[in-house]
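A.B. asks: Sharing a model prediction with you, sequence too.
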Amino acid sequence: MRVTRLLLTGLTLWAMGRPVQAQAAATPSAGAVPVTMEYYYRIKWGSVEEFKRLYAKNHAPLLREMETLGFIKSVRVEEPFTHLAGGPRWDLRVTIVFRDAAAAISDPEWDRLWGVARNRLYRDAARFDAEEAARFALLEDHWDVVVNEVRIP
């Protein structure tokens, strides 16, 4: 199990274009390489506005907290201007630029501070959990993509 986790972490870091040793040494200081993740949401027909309402109420404030703490450099939320075909259809895309790979996938301090922020912002944990469950119940599909900028001369 531990070997599998290490292998997956190594492959993820390799796929991000940085050696594992260099990434492990990265800190929030100068030299950290930002990581961009795109989160795609395909929402059940007729439920997009409710999903966006719950996202804005419960998830976006936590992302703003993590941005204030320096884990996130930017957050952008977009929806397509036109309708997409069924297979590739997505209704909402959230692009987050993280400080570095650790902030994007494995920083224990992220988990701790996310929990602190959640407890401070949402004192009624049962209600928060129920609303998040309702938000996820509105999904048909969800996927995440790590993206790299490509410079073509």
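C.D. replies: That came through, no problem.
A.B. asks: For this structure, just list every one of the helices.
C.D. replies: Secondary structure of the chain (DSSP state H): helices located at 2-15, 20-24, 48-54, 60-68, 101, 108-121, 125-137.
A.B. asks: And Arg42, how far from Ala101?
C.D. replies: Distance, Arg42 to Ala101, by CB to CB, to the nearest Å: 27 Å. C-betas here are computed from N, CA, C, even on glycine.
A.B. asks: Please read the previous query as pertaining to Pro34.
C.D. replies: Taking CB to CB as the measure, Pro34 falls 9 Å from Ala101.
A.B. asks: More neighbours: those two, which one.
C.D. replies: A side-by-side neighbour count of Pro34 and Ala101, using other CB atoms under 10 Å, places Ala101 first with 24 against 15.
A.B. asks: ok, the more buried one touching Val35?
C.D. replies: Yes: look at Ala101 against Val35 with CB atoms under 8 Å: they come within range, at 5.1 Å.
A.B. asks: give me the number of residues near Arg151?
C.D. replies: When neighbours are counted by other CB under 10 Å, Arg151 comes out with 4.
A.B. asks: likewise Asn119?
C.D. replies: So Asn119, with other CB under 10 Å, has 11 neighbours.
A.B. asks: Now stretch 59-79: buried residues?
C.D. replies: Across stretch 59-79, burial judged by 16 or more other CB atoms under 10 Å covers 62-63, 65-67, 69, 71-73, 77.
A.B. asks: Can you give me the first-to-last residue distance of that stretch?
C.D. replies: Criterion CA to CA, to the nearest Å; first-to-last residue distance in stretch 59-79 is 17 Å.
A.B. asks: distance between that stretch and the chain's centre?
C.D. replies: Centroid displacement of stretch 59-79 relative to its chain, using CA atoms, centre = their mean, to the nearest Å, is 9 Å.
A.B. asks: For that stretch, give the mean pLDDT please.
C.D. replies: The pLDDT scores in stretch 59-79 average 97.
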